[in-house]
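Undergrad: below is the sequence, then the predicted model.
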Amino acid sequence: MVSNRMFLARGIPLIAGAALVAIQCDESLPVRTDPRVVSYTVSVVEGTVQVSGGAPAGRTGAIDVKIKNIYAEVLQDTEKLEAVVTIWMRDMPDNKVVVRADRTDLVNTWILRGPVLTLGADTTAWISHQWNHRTGQGIPFWSFVDSTFGTTLSGMPYWESDPITFKVEATVQVFKHSAPYMVPAAEYTLIYRRFI
């Protein structure tokens, strides 16, 4: 009987220990926060987009993606510059498009040497991409709003759209070994002036 009591006495701490382990496993760990070494901004050059022959001319309406090194040291790795930008009309959200920009849209190309991207301290990689200003189905965004007829001082006729407010959000990646970053949605307003 003594040996049975010892067995039961030994069994109780084992059960209690298993329960303690089970309780500890159910506790959630604190969220890991990696230090931010890069800041991301996505914007649209606001104003009046000049449209000639169905295509935008100039920089107005272009998507600008800026990736800035806010770390005190140089960041360098194999590049994977990519911005996947979703654009939709704020008041008609079904009218949208997904636009992609990459290393071919890099403005300050000197930070890229072959496959290696170097971001010095306080240095920004700047991607600028002019898109076709049409929905994913190929419908011009200006066709969803009213337009007014006008002429330039030199007598060139045009149609000018009512202002359109867009929402823009993006997923941006900079280096091959870094995770993509989701840039929250922001609003921008454009007017389209289409020359006849």
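TA: Received the coordinates, thanks. Residues are numbered from 1 along each chain as shown.
Undergrad: what sits against the residue positioned nearest the centre of the chain?
TA: Centroid check for the chain by CA atoms, centre = their mean gives residue 170 as the closest residue, at 1.9 Å. The neighbourhood of residue 170, defined by CB atoms under 8 Å, 6 or more residues apart in numbering, consists of 42, 65, 83, 84, 85, 86, 182, 183. Quick note: C-beta positions are derived from backbone N, CA and C, even for glycine.
Undergrad: again, 7 Å this time
TA: 42, 65, 83, 84, 85, 183 (CB atoms under 7 Å, 6 or more residues apart in numbering).
Undergrad: looking at those residues, which is nearest residue 104?
TA: residue 83 (11.7 Å; CB to CB).
Undergrad: how close does the closest one sit to residue 149?
TA: Residue 83 sits 36 Å away from residue 149, going by CB to CB, to the nearest Å.
Undergrad: which one's more surrounded, those two?
TA: residue 83 (24 against 9; other CB atoms under 10 Å).
Undergrad: the more buried one and residue 125 touch, don't they?
TA: No - shown here, residue 83 and residue 125 do not form a contact pair, counting by CB atoms under 7 Å, at 10.5 Å.
Undergrad: quick check: residue 104 is in a helix.
TA: Yes - Residue 104: assigned to a helix according to DSSP: H, G, I helix; E, B strand; the rest coil.
Undergrad: so how far is residue 74 from residue 111?
TA: 11 Å.
Undergrad: which of these two has more neighbours?
TA: Just comparing residue 111 and residue 74: by other CB under 10 Å the higher neighbour count belongs to residue 111, 19 against 11.
Undergrad: could you flag which of the contacts of residue 170 are buried?
TA: For these, a burial check counting by 16 or more other CB atoms under 10 Å picks out 42, 65, 83, 84, 85, 183.
Undergrad: residue 145: which of these is nearest?
TA: residue 85 (21.3 Å).
Undergrad: same for the helix or strand encompassing that closest one, what does it pack against?
TA: Assessed by DSSP states H and E, residue 85 sits inside strand 75-89. Applying 3 or more CB pairs under 7 Å, 6 or more residues apart in numbering; DSSP states H and E, we find strand 75-89 packed against strand 63-69, strand 96-102, strand 116-119, strand 124-129, strand 164-175.
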